[in-house]
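Engineer: Build me a structure from this.
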Amino acid sequence: MNIYVILKQTFDTEEKIVLYDGQISEDGVKFVINPYDEYAVEEAIRLKERHGGVIVVVSVGPSRAAEALRTALAMGADEAALISDERIGGDEYSVSKALSAYLKAQSEKPFDLILGGSFSIDNGSGQIAVRLATLLDIPHVSSVTQLTVNGGLATALRDAEGDTETIELALPSLITAQQGLNEPRYPSLPGIMKAKKKPLRTLRLEDIGLSETDISPKTERQSLTLPRPRQAGKLLKGDSRQQAAELVKLLRTEAKVL
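Structural biologist: Modelled structure (predicted):
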């Protein structure tokens, strides 16, 4: 079974977001594999352990994203590909278009299953996987918390806003991981050493048969600002009627929502 894992390199969840001239500053920032994508990498490794096959991790991003791919290789993936081209940008359509072109070109190793995270913790759009499945014309299930594969059929349990849905779908298909699917392993020292020798290809648009026009963005970020600092709360005194009256007064005069 050929398993492809799409992953993104994101800020460490402990990092403080700093804006400079309307852009997120990356000075001194620690980057990691997007946590939800880590679940996808771990699930791919577990599937390979049960069924055999090859795991290829692929990312679209700057050259620093190679570090995230190397981490996935150290965890147990077999190969990696980094589509790194400044013409792609961060638009979800552009990224999914690049990923679909790469995956369609893998005729020697066609995908049986594509795994990814439900969303990235930086943008949080959750669009890439859905767009990619549409471009590849394959079934897709998101927010999966349990996955089994039997021959050409996958059975997925997905989180449905507090409930659980069970979905069966034929391979090839695309599935995104939710927290709870598994517990990602830490790369071992032997795994880290082996990762240095595993293949990691760096590709540009021309290598995947696309032009700048093909990945023309569909959206544009107009501005980016931090939320206003949260003000200290107020303690309302008196009995319930006095508190209600004071609350209404504050909502009218200060919050101006009434």
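Engineer: End to end on stretch 22-31, go ahead and measure it.
Structural biologist: 20 Å (C-alpha to C-alpha, to the nearest Å).
Engineer: quick thing: my sequence starts at 58, can you match it?
Structural biologist: Noted, 58 is the first residue going forward, which turns the last one into stretch 79-88.
Engineer: any idea how far it is from the chain center?
Structural biologist: Stretch 79-88 sits 18 Å away from the centroid of its parent chain (C-alpha atoms, centre = their mean, to the nearest Å).
Engineer: Figure out the helix or strand that the closest residue to Lys294 other than its chain neighbours lives in.
Structural biologist: Excluding the flanking residues, the one nearest Lys294 by C-beta to C-beta, 6 or more residues apart in numbering is Gln300, at 7.4 Å. Quick note: C-beta positions are derived from backbone N, CA and C, even for glycine. Using DSSP states H and E, Gln300 maps to helix 297-310.
Engineer: What lies in contact with that helix?
Structural biologist: Lys291, Leu293, Lys294, Gly295, Val314, Leu315 (C-beta atoms under 8 Å, 6 or more residues apart in numbering).
Engineer: quick one, domains of this structure?
Structural biologist: 59-265, 285-315 (automatic domain parsing).
Engineer: Next, the buried residues of the shortest one.
Structural biologist: Residues of domain 285-315 include none that count as buried (16 or more other C-beta atoms under 10 Å).
Engineer: what about that domain, start to end distance?
Structural biologist: 21 Å.
Engineer: quick one: average pLDDT of it?
Structural biologist: Per-residue pLDDT values over domain 285-315 give a mean of 86.
Engineer: How far off centre is it?
Structural biologist: Going by C-alpha atoms, centre = their mean, where domain 285-315 is centred and where its chain is centred differ by 40 Å.
Engineer: longest helix in this protein, by residue count?
Structural biologist: helix 92-108 (DSSP state H).
Engineer: Now do the following helix or strand past it and helix 92-108, the angle between them.
Structural biologist: Downstream of helix 92-108, the next assigned helix or strand under DSSP H and E is strand 111-117. Interaxial angle of strand 111-117 relative to helix 92-108 (axes from the mean of the first three to the mean of the last three C-alpha atoms, to 10 degrees): 160 degrees.
Engineer: neighbouring contacts of strand 111-117?
Structural biologist: Taking C-beta under 8 Å, 6+ apart as the rule, strand 111-117 contacts 58-66, 98, 101-102, 105, 122, 125-126, 129-130, 133-141, 145, 152, 155-156, 159-160, 163, 166.
Engineer: Direction included, what does that strand pair against?
Structural biologist: strand 59-63 (parallel), strand 136-140 (parallel) (DSSP bridges).
Engineer: angle of the following helix or strand past that strand against strand 111-117?
Structural biologist: Toward the C-terminal end, the helix or strand that comes next after strand 111-117 (DSSP H and E) is helix 123-132. Angle of helix 123-132 versus strand 111-117, following the same axes, to 10 degrees, is 170 degrees.
Engineer: Outside of helix 123-132 itself, list whatever touches it.
Structural biologist: 62, 64-66, 88-90, 98-99, 102, 114, 116, 136-139, 241-245, 248-249, 251-253, 255, 257, 259.
Engineer: swap the cut-off to 6 Å and go again
Structural biologist: 66, 90, 98, 114, 116, 137, 139, 242, 244, 248-249, 252, 255, 257 (C-beta atoms under 6 Å, 6 or more residues apart in numbering).
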